[in-house]
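A.B. asks: Fold the stuff below for me.
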Amino acid sequence: MSERGPMTILCVATYEKGQEFIRECKRQDCTVLLLTVDTLRDADWPREAIDETFYIPRDIARDSLLKGVSHIARTRVLDRIVALDDFDVETAALLREHLRVPGMGETTARYFRDKLAMRVRARNQGILVPDFVAVVNDDAINRFADNVALPWMLKPRSNAAAIGIHRIEKRDDLWPTIDGLGDQRSFYVLEQFVAGDVFHVDSLVWEREPIFHTAHQYGMPPFSVAHQGGIFTTRTVPKATSAWKPLAAINREVLTTLNLVRGVAHTEFIRSAADGRWYFLETSARVGGAYIVDVVEASTGINLWREWAKIEIAGEDHPYHLPNAREQYAGLALTLSRQERPDTSAYTDPEIVLRVNKKHHAGLIVQSQDPKRIDQLLDNYTGRFLQDFYAYAPAPERPTS
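C.D. replies: Predicted coordinates for the structure are as follows:
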């Protein structure tokens, strides 16, 4: 509640997600406005929880966006502006700055969207990151190539997941690849590839403190699944393992260094196979994709979308109380499917708590009090999914809705 009564929240979503965030805002008696793209008019939005929807072109110009949302604000007081997807974080920050709405501004938003900005900030504060260089100055790029061992990863600075990433195996391929980017090269970062196990930590942050975080380990790095194929898996990291404490510590260090005040974060780390050291890979001020929110809820009982909505509503003026979390274990096996509606009814293990319902996707989430049982099930499903459902499509060069 604001001083005037129910709070008005503008949700920005140019991709279809965040339905549970929207529902929770309505459960908290908020007026909910949705700003989305015209290509998502028929998307599966929770329309019963949305008071008004505004549509914009996906390629809308900055000034037109500011004018359009400012026009909305003529007759509605916008108490919060929230980006429901990674690609909307900077847009929401721009709108907040323009309308002076509380929340993350443009400088902090860059730390959670721009892979170069987050790496520079982390490295300057003593956090270990893979060696990297901005794809701007020729001499700096050549010095990097002379001193950093192959292979290298050429990454778009502001894309999500594995979109647009190139792995460079030979020095001779470096400059042709960079030259192929043309004037877009400054929007990329070049970094050393570090082999090892990749983990993600999903957090809720309140007054600059990660008051909730849970760690999971990918079976294969997401880049490998996206570019080489395979079954995507992730599973809970037990607190009794050697990985938990260093993950919790470096996650807190990253989020406080990048100055996330309140909200949610999805952050990835790698444990180097060469020396066992922990490297920060990247972070985002959003809920993790690929059904990770459901895995977190299966293991802890905490729904990140719902709690994030409560944190946004509480803001700087009201308290927030985290529900009690349980300590169980969960895992996900997920694949593109060659069948439009894959049938998983032959998978009958009692630990199954969710079956993915999405065209051309097969997926199962399992829950257990025994982490070894999660490992057994995911290992079993990986082999079976390859036979029953598996299909492969290369990662796109550009985002698709």
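
A.B. asks: Residue 347 is in what secondary structure piece?
C.D. replies: Residue 347 belongs to no helix or strand when elements are defined using DSSP states H and E.

A.B. asks: what do you get for residue 365?
C.D. replies: Secondary structure from DSSP H and E places residue 365 in strand 361-368.

A.B. asks: got the buried residues for whatever helix or strand comes next after that strand?
C.D. replies: Sequence-wise, the next helix or strand downstream of strand 361-368 (DSSP H and E) is helix 371-388. Neighbour counts over helix 371-388 (16 or more other Cβ atoms under 10 Å) mark 371, 373-378, 381-382, 384-385, 388 as buried. C-beta coordinates here come from the backbone N, C-alpha and C atoms, glycine included.

A.B. asks: and the one helix or strand residue 96 maps to, what does it pack onto?
C.D. replies: Secondary-structure assignment from DSSP H and E places residue 96 in helix 89-99. Packing partners of helix 89-99 (3 or more Cβ pairs under 8 Å, 6 or more residues apart in numbering; DSSP states H and E): strand 8-13, helix 62-72, strand 80-83, helix 106-111.

A.B. asks: What angle do strand 8-13 and that helix make with each other?
C.D. replies: Going by axes from the mean of the first three to the mean of the last three Cα atoms, to 10 degrees, helix 89-99 is angled at 150 degrees with respect to strand 8-13.

A.B. asks: What mean pLDDT does helix 89-99 get?
C.D. replies: Mean pLDDT, helix 89-99: 96.

A.B. asks: just stretch 27-44 next, same as before
C.D. replies: Here the average pLDDT along stretch 27-44 is 96.

A.B. asks: again with stretch 181-194
C.D. replies: On average, stretch 181-194 scores 96.

A.B. asks: Quick check: of the buried residues of helix 371-388, which lies closest to residue 26?
C.D. replies: Nearest to residue 26 among those: residue 374, at 34.1 Å, using Cβ to Cβ.

A.B. asks: Spit out the contact partners of that closest one.
C.D. replies: 235-236, 329-331, 351, 366, 368 (Cβ atoms under 8 Å, 6 or more residues apart in numbering).

A.B. asks: now do 10 Å
C.D. replies: 233, 235-236, 238, 299, 328-332, 351, 366-368 (Cβ atoms under 10 Å, 6 or more residues apart in numbering).

A.B. asks: separation between it and residue 217?
C.D. replies: According to Cβ to Cβ, to the nearest Å, residue 374 stands 11 Å off from residue 217.

A.B. asks: Quickly list what's touching both of these two.
C.D. replies: 233, 235-236, 331.

A.B. asks: quick one on the thing from earlier: other SSEs contacting the strand holding residue 365?
C.D. replies: strand 232-236, helix 292-300, strand 329-336, strand 352-355, helix 371-388 (3 or more Cβ pairs under 10 Å, 6 or more residues apart in numbering; DSSP states H and E).

A.B. asks: Return the alpha-carbon coordinates of that strand using PDB.
C.D. replies: Coordinates of each C-alpha in strand 361-368 appear next as PDB, following Å, rounded to 0.1, in the frame of the first residue of the first chain:
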ATOM      1  CA  HIS A 361       9.800 -29.600 -24.900                       C
ATOM      2  CA  ALA A 362      10.100 -32.600 -22.600                       C
ATOM      3  CA  GLY A 363      11.000 -31.900 -19.000                       C
ATOM      4  CA  LEU A 364      10.600 -33.300 -15.500                       C
ATOM      5  CA  ILE A 365      11.300 -31.800 -12.000                       C
ATOM      6  CA  VAL A 366      12.000 -34.300  -9.200                       C
ATOM      7  CA  GLN A 367      12.100 -33.700  -5.500                       C
ATOM      8  CA  SER A 368      13.600 -35.900  -2.700                       C
END
